[in-house]
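1. Quick one: sequence plus predicted model below, questions after.
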Amino acid sequence: MATLTDPAASAHAPLGLTTTQSAFIERAQAAGELFISQPYELYSAENQETWRRLYRAIRPKWEKYATPQFRAGLDNLMLSPEAIPRLSEVNDKLSPLSGFKAKAVSGYVPAYLFFDCLRTRNFPTTITIRDGSRLDYLPEPDIFHDVAGHVPMHTDRRFSDVLVRFGEVARFAAKRAGTLPATPDEQRQRLESNIKALARFFWFTIEFGLMRSGSELKVYGSGLLSSLGELEHSIDSSDVQRFPIRLEWVVNQYFEIDHYQPLLFIVDSFDHLFDLVGHLEEWLHRGRLDHVAPGEPLVNAADLQSFLDARLELDA
Ligand SMILES: [Fe+2]
């Protein structure tokens with residue numbers, strides 16, 4: 001039994017639900033539990049302070065750089081600047097607007113599973129929060145990225161339809177892989193290329209997308225909306241190239257995750273983005289995503305396997 005002097009217990013106790021340092025998450029992962037609860041009482045005072053500091057620092061930047069749809073989402077969700085949100089309360093506000101729900105996860109969600117959650121209007125949501133000693137450093141997604149960066153966008157009906165459509169394209173990719181007139185090895189290679197194309201599209205839109213808004217550019221990508229430094233950099237810096245989105249560029253363009261993005265793409269509207277996902281499916285159907293340019297992101301074994309498993313299920 002753990003006691004107050006138990007070194008194992010005391011080593012973890014003050015860390016609460018801090019990203020990469022949470023005993024609760026380690027236990028869930030060790031038990032193979034991907035979908036979990038949000039044990040709100042485990043957030044430490046430092047975790048809550050991290051949320052407050054982040055929220056206060058980024059709020060004026062949202063007002064200046066974020067799309068009107070994101071700002072409306074913030075109002076509709078009534079996220080508190082003072083405390084980490086409870087997902088149940090977020091969902092009470094979110095679900096009536098778009099049918100989406102934030103669903104707590106213990107960590108990395110393999111690609112197919114992630115996209116398929118979107119198809120069913122569930123958003124895999126990280127519950128840990130970054131280490132307060134480095135506010136703008138994100139070793140992996142945290143609740144600030146997922147709930148303050150992504151979820152306000154999900155209140156917008158048209159944007160939420162884009163995510164669902166994206167999930168449908170992923171499902172089509174899984175289903176199609178087994179029907180190609182090719183050897184099993186070639187089928188896997190083409191599927192890997194398809195997954196790379198989907199990941200690139202997701203990255204340059206949902207995570208790092210810009211949108212035209214009158215004569216201005218605004219941010220709708222959640223990777224930017226949850227970054228204290230990169231949000232204004234994405235709009236104001238002359239080091240960033242910003243181009244109207246072109247599908248053939250996006251699916252062939254590698255990206256690196258460990259520095260500010262030097263290249264961003266602009267959509268005209270969420271109707272435009274929705275249509276682009278339709279084109280993505282069409283390209284997939286015609287084999288135009290079977291040999292995209294090599295390079296990042298690498299498709300890891302778990303991602304590929306998740307699509308292969310789905311293919312078997314869909315065939316059954
Ligand atoms: Fe994200």
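-> Structure's in. What do you need?

2. mind listing the strands for the stretch 1-150 of the chain?
-> 101-105, 122-126 (DSSP state E, counting those that start in this stretch).

3. Pull the contacting residues for Ser95.
-> Lys101 (C-beta atoms under 8 Å, 6 or more residues apart in numbering). (Each C-beta comes from the backbone N, C-alpha and C, glycine too.)

4. that older thread, can you redo the strands of the stretch 1-150 of the chain as a markdown table with mean pLDDT?
-> A markdown table is the format used below for the strands of the stretch 1-150 of the chain (pLDDT from 0 to 100):
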| stretch | mean pLDDT |
| --- | --- |
| strand 101-105 | 98 |
| strand 122-126 | 98 |
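
5. mind giving me TSV with these and columns for distance to Ala302 and mean neighbour count?
-> TSV is the format used below for the strands of the stretch 1-150 of the chain (distance: least, C-beta to C-beta, whole Å; neighbours: other C-beta atoms under 10 Å):
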stretch	distance to Ala302	mean neighbour count
strand 101-105	14	21
strand 122-126	14	22
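
6. Output the below-cut-off pLDDT ranges for this structure.
-> 1-14, 137, 139, 316 (pLDDT under 70).

7. between the strands of the stretch 1-150 of the chain, which one is nearest to Arg212?
-> strand 122-126 (25.6 Å; C-beta to C-beta).

8. three-state assignment of Leu191?
-> Under DSSP: H, G, I helix; E, B strand; the rest coil, Leu191 falls in the helix class.

9. Look up the closest residue to it, ignoring the ones flanking it.
-> Spatial nearest neighbour of Leu191, chain neighbours left out: Ala177 (4.2 Å); criterion: C-beta to C-beta, 6 or more residues apart in numbering.

10. same question, Leu198
-> That would be Ala170: by C-beta to C-beta, 6+ apart, it lies 6.0 Å from Leu198.

11. Quick check: that neighbour is in a strand.
-> No: per three-state DSSP, Ala170 lies outside any strand segment and is helix.

12. quick revisit: would you convert the strands of the stretch 1-150 of the chain into JSON lines that also reports distance to Phe274?
-> Listed next are those as JSON lines, based on distance: least, C-beta to C-beta, whole Å:
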{"stretch": "strand 101-105", "distance to Phe274": "21"}
{"stretch": "strand 122-126", "distance to Phe274": "18"}
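
13. Select, out of those strands, the one closest to Phe204.
-> Closest among the strands of the stretch 1-150 of the chain, once you apply C-beta to C-beta, is strand 122-126, at 19.2 Å.

14. how much does the closest one deviate in direction from strand 101-105?
-> On the basis of axes from the mean of the first three to the mean of the last three C-alpha atoms, to 10 degrees, strand 122-126 is oriented at 40 degrees to strand 101-105.

15. which strands and helices sit next to strand 122-126?
-> strand 101-105, helix 111-119, helix 151-154 (3 or more C-beta pairs under 8 Å, 6 or more residues apart in numbering; DSSP states H and E).

16. Check which element follows that strand along the chain.
-> The helix or strand immediately downstream of strand 122-126 is helix 143, counting by DSSP states H and E.

17. Give me the distance from that following helix to the chain's centre.
-> Relative to its chain's centre, helix 143 lies at 11 Å (C-alpha atoms, centre = their mean, to the nearest Å).

18. So which residues make contact with it?
-> Taking C-beta under 8 Å, 6+ apart as the rule, helix 143 contacts Trp51, Ile84, Pro85, Thr125, Thr126, Ile127, Thr128, Ile129.

19. if we can go back for a sec, looks like the residue nearest to Leu198 contacts Arg119 (just checking).
-> Yes: taking C-beta atoms under 8 Å as the definition, Ala170 is a contact partner of Arg119 at 7.4 Å.

20. And those two? Which one has more around it.
-> Ala170 (26 against 16; other C-beta atoms under 10 Å).
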